[in-house]
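**Student:** Next comes the sequence, and after it the predicted model I'd like to discuss.
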Amino acid sequence: MADGTKAVVDTSAADGAADEAALAAAIDELADGTARATGADAPAKERPAARKGPDAADDTGDDTAAEDDTGDGPSTGGAAEDDGEDDGDGDEPAAATPAGSEETSEITAPLSASEIAAELAAGDAARRAAAAAEAAAKTAGKADPAAAERPPRDPQPTHDPRETATLPQTLPAPLRHSGDLIGHRYRLEECISSTETFSSWRAVDEKLRRAVGVHLMAAGHQRARQVLAAAKSAALLGDPRFVQVLDAVQEGELVYVVREWLPHASDLAKLLADGPMEPHEAYQMVRQVSDAVAAAHRRGQAHLRLTPRCVLRTDSGQYRINGIAVDAALRGLPAEDTDEDAERTDTRAIGALLFAALTHRWPFPEDRYDLQGLPRNVGAMAPDQVRAGVHKGLSDLAARALFDHPPHHAEPITTPEALVGAIALMPRIRQPEPELPVFTSPPRHNTHALPTAPNPTRVVAAPGTGPTPVAAPVRRAGRRLRRVVKVTAWTVALGAIGAASWQLVDYLRPGSSAVAAPQPSGTSAAPTSHTATHDPVAIPVAQAISFNPLGDGPEGTSVLDKATDGDPNSEWVTSWYSDAFGPKAKEGTGLLLDLGAPQPVSSVSIKLGTPATVELRMPGKGVGNPPAAKPKDYNVLGKESGTNLSYKLDSPVTTRYLLIWMTSLSKNPEGMAHAGQYQGHIADVKVFG
């Protein structure tokens, strides 16, 4: 063929039969003493093709040059080597062999009957081996090795433009800014992370009016095609337990991957910032993550970079996994050679996540993800050996998934599917009972301020409209009305007697102002009203919680106690923002104060590091879990602006939670960290009852 892709053996069965018949006839002639023609006068059919030199190779460039023109016998290795060295275009003649050389003498030398029989047997074996090799190559879909050695006949360049080995390895990430439009659709808002080769952004899909995440990389980078392929394969996964890849495009010199954005989800690293997980939550995490990863491996997908930053928990308690295949491709991590290696990598990563969730330590010597690493040379340690009180079943599960040689000679778990099976065999860990609020008796009020009893005549007169005669069919309704009137009258009478009794007791109590003070005369001044007064009492704050339901997660978790430590020089700070809160951004962010139990609150004072507008709120009725509620579920008690804020309530309110909700921030001044950016600073908060 003109393209040089012809197979090694292309001889039909008829040609093979003819070869065998010719060789058999030659054997018979030699056996009968028939003279064999030699030299150049002998017919080509009788010349032993096996003795051809390199100059006898067929100049067609095909592998059929391994045999002579008539197919009388198989060629030797010399002919095959010459065919491999030929350039394949048929233009250059074969090199001539000098006369009298060893090759020439072998060409003209006669053969005996035994030699021809040996050649015939060798030819049959060679043809069978070649046919078997061709069939195997076609089955496996591989190219002919001999054809691969020949240079291609196509005059086009042999370089494959899809080959990435010639592309640069350290091409810098494309420079983009907030407000840039990608793909005429995605407007960049905030850079989440940036490396030398790619950057990740929070953006807005202006077509569908929703938040998305965008990874940007230069199209000329060596990893660009690998990233696109990983993103497209992840998009085909279609499992809701994974953060969905929405788009993967190469546009000019830019490659971008668009993924789903979960604004109300928190990654595992943030969840572990305050300490280890309780057993039920750790059990839910490892069970859901293992189920999802095992399902992905069944469909031929692997994550290969499963870290605490990739595991997200939504408000509903569901865990979702971000960056399957794409994160590893972005960072140039090598794909595992076998499925077993990929399964072991993801299983070991799940074991590390569970280890960190149970111990609040990273199971390797280095400190990662705001977690302290283990000491070096400690070997394989189960979580219950690192921290006391760890659930035994979860500790063994983490050690078996993480280590190749778990402690106590336990059997290691090497695949996500086996990990799912081990979790299913564990006794289910139930959710702990919710803590009931502490009951406190209501405050005692002054009996003089009790409301007066309702007028019974008004209650009686309300149902009726006049002396209308009652007909016989409504006699039962009339009886029911009279019964209600009697019960109401008795209730009012008893209430009046009780109120009079309390007033009499208060009047007769020793030291009572009613007994000690003389009765005013008709000419004396009007008496002053009696009001209950008391000095405000400071109420300690049991816990301060970052309240950011409209953002990406808790803010300033490491300095939460600085807002209530009584030191105005220490501050709790929010994340920095490129613009102020408003209609185009989120509504606000704040700090939730937990008083430990319902307390009567009369005033709150707040000192801020920079001016801001702050609302004081309390949970509304029917809010079962205030930390997980939305801002609209809180009632506004007051609104102030400035740096020294004071909220004095008209009447005390009884509540356990108070929300400091910042709706407007100011820019940080020069000389402060993140100067020119918007950020909230709460230096001190005091609550009084």
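**Tutor:** Nice, I can see it.
**Student:** Next, the distance between the ends of stretch 181-189.
**Tutor:** Chord length of stretch 181-189, first to last residue, is 10 Å (C-alpha to C-alpha, to the nearest Å).
**Student:** Can you point out the buried residues in that stretch?
**Tutor:** Judged by neighbour count (16 or more other C-beta atoms under 10 Å), stretch 181-189 contains these buried residues: 182, 186-189. In short, each C-beta sits where N, CA and C put it, glycine included.
**Student:** Of the residues you listed, just say which sits nearest to Ala489.
**Tutor:** Glu189 (68.5 Å; C-beta to C-beta).
**Student:** Any idea how many residues pack against the residue lying closest to the closest one once chain neighbours are set aside?
**Tutor:** Leaving aside its sequence neighbours, Glu189 sits nearest to Arg202 (C-beta to C-beta, 6 or more residues apart in numbering; 5.2 Å). Applying other C-beta atoms under 10 Å, we find 17 residues neighbouring Arg202.
**Student:** and what of Ser178?
**Tutor:** Ser178 has 14 nearby residues by other C-beta under 10 Å.
**Student:** Thought Arg202 was touching it, still the case?
**Tutor:** No. Contact criterion C-beta atoms under 8 Å: Ser178 and Arg202 do not qualify, at 9.7 Å.
**Student:** anything in contact with each of these two?
**Tutor:** Common contacts of Ser178 and Arg202, defined by C-beta atoms under 8 Å, 6 or more residues apart in numbering, comprise 188-190.
**Student:** Which ones among these map onto strands?
**Tutor:** 188-190 (DSSP state E).
**Student:** Now render those as a markdown table, adding pLDDT.
**Tutor:** Shown next, in a markdown table, are those (pLDDT from 0 to 100):
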| residue | pLDDT |
| --- | --- |
| Leu188 | 96 |
| Glu189 | 95 |
| Glu190 | 94 |
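**Student:** got TSV for the residues you listed, with distance to Pro375 too?
**Tutor:** Listed next are those as TSV, based on distance: C-beta to C-beta, whole Å:
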residue	distance to Pro375
Leu188	43
Glu189	42
Glu190	38
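**Student:** re the thing from before, distance-wise, check the residue nearest to Glu189 relative to Leu262.
**Tutor:** Distance, Arg202 to Leu262, using C-beta to C-beta, to the nearest Å: 11 Å.
**Student:** Please apply the same query to Phe547.
**Tutor:** Phe547 is 18 Å from Leu262, by C-beta to C-beta.
**Student:** Between these two, which is the more surrounded one?
**Tutor:** Phe547 (26 against 18).
**Student:** What residues are bridge-paired with that one?
**Tutor:** Counting by DSSP bridges, Phe547 forms beta bridges with Gly590.
**Student:** is it true that it touches Thr589?
**Tutor:** Yes. Using C-beta under 8 Å, Phe547 makes contact with Thr589 at a distance of 7.1 Å.
**Student:** Can you work out which residues contact both of the two?
**Tutor:** With C-beta under 8 Å, 6+ apart as the test, Phe547 and Thr589 both reach Trp661.
**Student:** buried ones in the strand or helix carrying Asn635?
**Tutor:** In this structure, Asn635 sits in strand 634-665 according to DSSP states H and E. Neighbour-count burial for strand 634-665 flags 634, 637-638, 640, 645, 647, 649, 655-663, 665 (criterion: 16+ other C-beta under 10 Å).
**Student:** Sketch out the strands for the stretch 151-300 of the chain, chain order is fine.
**Tutor:** 181-182, 186-194, 198-205, 210-218, 245-251, 254-260, 266-267 (DSSP state E, counting those that start in this stretch).
**Student:** buried set for stretch 227-236?
**Tutor:** 227-228, 230-231, 233-235.
**Student:** again with stretch 244-262
**Tutor:** Quick answer for stretch 244-262 (16+ other C-beta under 10 Å): 245-248, 254-262.
**Student:** who's in contact with it?
**Tutor:** 174, 182-183, 186, 202-203, 205, 210-221, 224, 227-228, 231-232, 234-235, 243, 312, 314, 320, 322, 326.
**Student:** can you give me phi and psi for Ser395?
**Tutor:** phi -60, psi -50 (degrees, to the nearest 10).
**Student:** Help me confirm that it comes into contact with Met381.
**Tutor:** No. When contacts are counted by C-beta under 8 Å, Ser395 is not listed as touching Met381 (9.9 Å).
**Student:** In terms of neighbours, single out the busier of the two.
**Tutor:** Neighbour count, other C-beta under 10 Å: between Ser395 and Met381, Ser395 has more, with 22 against 19.
**Student:** check contacts around that one.
**Tutor:** 358, 382-384.
**Student:** Surely Pro611 forms part of a helix?
**Tutor:** No. Using DSSP: H, G, I helix; E, B strand; the rest coil, the secondary structure at Pro611 is strand, not a helix.
**Student:** Give me the neighbour count for it.
**Tutor:** 14.
**Student:** what do you get for Lys392?
**Tutor:** For Lys392, using other C-beta under 10 Å, the count is 11.
**Student:** same check, this time on Asp404
**Tutor:** Using other C-beta under 10 Å, Asp404 has 9 neighbouring residues.
**Student:** Which of the three states applies to the nearest residue to it once chain neighbours are set aside?
**Tutor:** Spatial nearest neighbour of Asp404, excluding adjacent residues (C-beta to C-beta, 6+ apart): Pro412 at 5.7 Å. The three-state label given to Pro412 by three-state DSSP is coil.
**Student:** Tell me which residues touch Pro412, please.
**Tutor:** 400-401, 403-406.
**Student:** among those residues, which two are most distant?
**Tutor:** Using C-beta to C-beta, the contacts of Pro412 reach their maximum pairwise distance at Ala401 and His405, which is 12.7 Å.
**Student:** neighbour-wise, which of these two wins?
**Tutor:** Ala401 (30 against 10).
**Student:** Go ahead and confirm the more buried one touches Arg348.
**Tutor:** Yes. Using C-beta under 8 Å, Ala401 is in contact with Arg348, at 6.7 Å.
**Student:** Could you export the strands of the stretch 151-300 of the chain as CSV, including distance to Arg344?
**Tutor:** CSV is the format used below for those (distance: least, C-beta to C-beta, whole Å):
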stretch, distance to Arg344
strand 181-182, 37
strand 186-194, 28
strand 198-205, 27
strand 210-218, 27
strand 245-251, 25
strand 254-260, 26
strand 266-267, 24
